[in-house]
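Engineer: The following block contains a protein sequence and its predicted model.
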Amino acid sequence: MTTTDLAKLKEQIKKIALDMGADLVGVGNQERLKDAPPSADMSFSLPGAQSCIIWAYGDPIDAIEDYFAKKDRMGAKKFKHFAYTTAWKTAEKIRKFIESNTEYKAYTVVPNYKSRRHEDGSRFDMYKDDWGYPDFSLKYGAVAAGLGHIGWQGLLVTKEFGGACYLGGVLTTAPLEPDPMVEENYCTGCKICAKICTSGHFSETEEEDEYPVVIGGVKQVYGKREAFCRCAVTNIGLIGVSEDNTWGTWAAHHIGTKKDSAELWRDPAYRTKLKKKIFSSKDTPKKLRIHAGKVIGNFMRGSLAENAGIVTLTEMNPRCGSCSYVCVPDPKKRAELLKLIKSSGKVSIDDDGKEYIEKFNEDGEKIVYYPPSQEESHYTKDMDPQKT
Ligand code: SF4
Ligand code: SF4
């Protein structure tokens, strides 16, 4: 293909991503990722890959506000489902377009829920393994494609949506011209992402130095991270409460783990004990154990499919993700969102297994209410709030 043909191909690919609902799209190359960690190596997924096309969907602010206020979880849920399923469909469409119209190969990157297997073929186990790595890291690809930088919470932070966005991508052997990388870093270092995290998965003060990420010659600065499980049990929604036990994530198990040290978390006996406390200990009320079984069941079905892009709406259940959602572009809004979750109380489970919220108003009066279910929520099933 001539340079002109490649330029046309790049524009056609970008148009597909945008036409199918993406808000941002860019192109990066392997050269820019040569000094990044192994999950930035495109050839692991597609031998001979030279370029990555990465796109993003920005989370709608009204859904984020309702999520942190514990008013309605369904806007975040439905947008997450829209973003992952659309990312997958878009990637498939682009792959087919490249392979049907050119001599180049392409590879659809799974948007989430897939970790590289161990040498013996076994899957990543969040309770046993400290770390899991995707086949290809979309966030590293996104930095190389000029969408933003890695922020303190370790996620992509863009100018347009901060860190509150989802990513999709395709790899190709086509040598596309990369887009310019972003010069300004839109992570302002406010550390609100660390303050809102109830698990303590990453440090508020200490920079990660054991796992350097350099993309396009630029070192990405992010907080020191601890064992993946520390985030996973909270992000799935099995546990999640503040250190003072006054507010939480969308988790019914009010178990706080932020104070527990990194050493403790690396101890397999600690993780086994925590697992027992969540799922099987007779000291835990039966309704909570049943609820935890449902939460992990929904997650596992998606996880076993190893592709967030094919998970059903019912199985897609954000219950934390706070470090991403809170990182909106406006620093003042971030502070407001932190305040909002701190006044939003905690989720509990009634005897019928339904989620309800308990919180206290400014006069110290207790307020109890049931947030809308998937069917009751005003967020429509097929919503795409970025476009309305
Ligand atoms: S919340 Fe603040 S410190 Fe954290 S990633 Fe976003 S901008 Fe950076
Ligand atoms: S997803 Fe939740 S638990 Fe995990 S790092 Fe982010 S805020 Fe912390």
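Structural biologist: Great, that's in hand. Residues are numbered from 1 along each chain as shown. Ligands and ions are numbered 1, 2, ... in the order given.
Engineer: count of neighbours near residue 8?
Structural biologist: 12 (other CB atoms under 10 Å). Every C-beta, even on glycine, is put in place using the N, C-alpha and C of the backbone.
Engineer: which parts of the stretch 151-300 of the chain sit against ligand 1?
Structural biologist: Those residues of the stretch 151-300 of the chain that sit near ligand 1, judged by CB under 6 Å from any ligand atom, are 151-153, 157, 162-163, 187-193.
Engineer: how far away is residue 121 from residue 21?
Structural biologist: 35 Å (CB to CB, to the nearest Å).
Engineer: neighbour-wise, which of those two wins?
Structural biologist: Between residue 121 and residue 21, counted using other CB under 10 Å, the more crowded position is residue 21 (18 against 6).
Engineer: Using the three-state scheme, assign the nearest residue to the more buried one once chain neighbours are set aside.
Structural biologist: Distances taken as CB to CB, 6 or more residues apart in numbering put residue 86 closest to residue 21, at 5.1 Å, once the chain neighbours are dropped. Reduced to three states with DSSP: H, G, I helix; E, B strand; the rest coil, the structure at residue 86 is helix.
Engineer: Pull out the buried residues from the residues of the stretch 151-300 of the chain next to ligand 1.
Structural biologist: With burial judged by 16 or more other CB atoms under 10 Å, the buried subset of these is 151-153, 157, 162-163, 187, 190-193.
Engineer: and stretch 341-351, how far apart are its ends?
Structural biologist: Separation of the first and last residues of stretch 341-351 by CA to CA, to the nearest Å is 25 Å.
Engineer: and it, anywhere near ligand 2?
Structural biologist: No: shown here: stretch 341-351 not in contact with ligand 2 (CB under 6 Å from any ligand atom), separated by at least 10.3 Å.
Engineer: can you count the residues close to the closest residue to ligand 1 within the stretch 1-150 of the chain?
Structural biologist: Nearest to ligand 1 in the stretch 1-150 of the chain, going by CB to the nearest ligand atom, is residue 150, at a distance of 8.7 Å. Residue 150 is surrounded by 26 other residues when neighbours are defined as other CB under 10 Å.
Engineer: Need the pLDDT of the residue nearest to it when sequence neighbours are not counted.
Structural biologist: Once flanking residues are discounted, residue 150 sits nearest to residue 220: 3.7 Å by CB to CB, 6+ apart. We note a pLDDT of 97 for residue 220 in this prediction.
Engineer: before we move on, the earlier item: the residue nearest to residue 21 against residue 20, yeah?
Structural biologist: Yes: with contact defined as CB atoms under 8 Å, residue 86 and residue 20 form a contacting pair (6.2 Å).
Engineer: So which residues of the stretch 151-300 of the chain form strands?
Structural biologist: Assigned by DSSP state E, counting those that start in this stretch, the strands in the stretch 151-300 of the chain fall at 156-158, 165-172, 202-207, 213-215, 218-220, 223-225.
Engineer: which one of those lies closest to residue 345?
Structural biologist: Evaluated over the strands of the stretch 151-300 of the chain, closeness to residue 345 peaks at strand 202-207, with 23.8 Å, by CB to CB.
Engineer: hmm, who's touching the closest one?
Structural biologist: Contact partners of strand 202-207, identified using CB atoms under 8 Å, 6 or more residues apart in numbering, comprise 152-154, 191, 193-195, 208, 221-226, 323.
Engineer: Stretch 77-86 now?
Structural biologist: Taking contacts as CB under 8 Å, 6+ apart, the residues outside stretch 77-86 that touch it are 20-22, 57, 59-60, 63, 111-112, 166, 168, 308-313, 316-318, 321, 374, 377, 379-385.
Engineer: ok, back up a step: mind checking how far the residue nearest to residue 150 is from residue 153?
Structural biologist: Counting by CB to CB, the gap between residue 220 and residue 153 amounts to 12 Å.
Engineer: before we move on, back to that, which two of the buried ones among the residues of the stretch 151-300 of the chain next to ligand 1 have the greatest separation?
Structural biologist: Distance extremes for these: the farthest pair is 162 and 191 at 13.8 Å, using CB to CB.
Engineer: picking up where we left off before, show me the buried ones among the residues of the stretch 151-300 of the chain next to ligand 1 that map onto helices.
Structural biologist: Secondary-structure check on those using DSSP state H: residues within helices are 192-193.
Engineer: can I get the buried ones among the residues of the stretch 151-300 of the chain next to ligand 1 in a markdown table with pLDDT?
Structural biologist: Converted to a markdown table, those look like this (pLDDT from 0 to 100):
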| residue | pLDDT |
| --- | --- |
| 151 | 98 |
| 152 | 98 |
| 153 | 98 |
| 157 | 98 |
| 162 | 98 |
| 163 | 98 |
| 187 | 98 |
| 190 | 98 |
| 191 | 98 |
| 192 | 98 |
| 193 | 98 |
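Engineer: Name the residues of stretch 17-31 that are buried.
Structural biologist: Of the residues in stretch 17-31, those with enough neighbours to count as buried (16+ other CB under 10 Å) are 17, 20-30.
Engineer: Show me those that map onto helices.
Structural biologist: When helices are assigned by DSSP H, the members of the buried residues of stretch 17-31 inside them are residue 17.
Engineer: my guess is residue 99 contacts residue 105, does it?
Structural biologist: Yes: distance between residue 99 and residue 105: 6.6 Å, which falls inside the contact criterion (CB under 8 Å).
Engineer: Tell me which residue lies nearest the centroid of the chain.
Structural biologist: Among the residues of the chain, the smallest C-alpha distance to the mean C-alpha position (CA atoms, centre = their mean) belongs to residue 321, namely 6.3 Å.
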